[in-house]
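> One predicted model, sequence on top.
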Amino acid sequence: MWSWIWTRSGDFMVKSAYYVALKERDKERAGPSNDNVNEGWKKLWKAQVPSKIQNFSWKPSNQALPMRNNLIKRQIVMDYICKRCGEEVESVEHVLVQCKEAQRLWYLLPLRLSFNQGVVTSFKDWVWNHIKIIKDKGWWNIFWSLCWTLWLAMNDLIFNGVECNVMVRMGKALNVLEEYRRANEFPKLREKKKVGEGK
Ligand SMILES: [Zn+2]
């Protein structure tokens, strides 16, 4: 038998329910927890982008990408300035959101994100702000593909010295999505054909 934990007697009271609701609201106001964000992401892009992009998408918010601002703390690199623009410290927020090249990409794409709202200090909070208002799955598929592409492009530049322009990157990201969509559609079409043949 369960009991209501929010009153001493263990009985449910409307007043205590209200108190719990207020606490939950305050928690939300305090900012997103990892659970909130992860839950939001699961709902939004479940099985709609290739697994390599899904695997990537939890990393920027969990400090799992080897950015220079972290590598310099561990004395792995001596220089923490972004290789693309040469102007700012290379962090997740910079590479995926605020570097000039990233901003061009975000703005040019169908997502039309602009950055008049000021400096983005936390990638996780930035994503959470979008999760609250954008529920379209197609939008999120493009969003994660682009984050992933920006990350690959940065690696290409650092390790291979390959500069790749914003339009090419955009095309590559959309191609990956399109290939994935087709690959997932064809098995269904084949199934339909088989059913048709059996008649
Ligand atoms: Zn930069």
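Nice, thanks for sending it over. Keep in mind it's a predicted model, so treat the numbers as computed, not measured.
> Could you look up the SS state of Val97?
Assigned with DSSP: H, G, I helix; E, B strand; the rest coil, Val97 falls in the helix class.
> Please apply the same query to Phe56.
Using three-state DSSP, the structure places Phe56 in helix.
> Can you tell me the closest non-neighbouring residue to it?
Nearest non-adjacent residue to Phe56, counting by C-beta to C-beta, 6 or more residues apart in numbering: Trp148, 4.7 Å away. No exception for glycine: its C-beta is placed from N, CA and C like everyone else's.
> so what's the one you found up against?
Contact analysis of Trp148 by C-beta atoms under 8 Å, 6 or more residues apart in numbering lists 52-53, 56-57, 173.
> Compare those residues and tell me which has the most neighbours.
Ala173 (25 neighbours; other C-beta atoms under 10 Å).
> And that one, what's its pLDDT?
Looking at Ala173, its pLDDT is 84.
> same thing with Trp6?
Per the predicted model, pLDDT is 37 at Trp6.
> How about Tyr19?
pLDDT, read off for Tyr19, is 43.
> which bits of the protein sit near the ion?
Proximity of the chain to the ion, by C-beta under 5 Å from the ion, involves residues 82, 84-85, 99.
> ok, so of the residues you listed, who is nearest Leu177?
Leu177 has its nearest neighbour among those in Cys99, at 22.2 Å by C-beta to C-beta.
> Run through this structure and note the low-pLDDT ranges.
By pLDDT under 70, the low-scoring segments of the chain are 1-47, 110-111, 114-117, 186-199.
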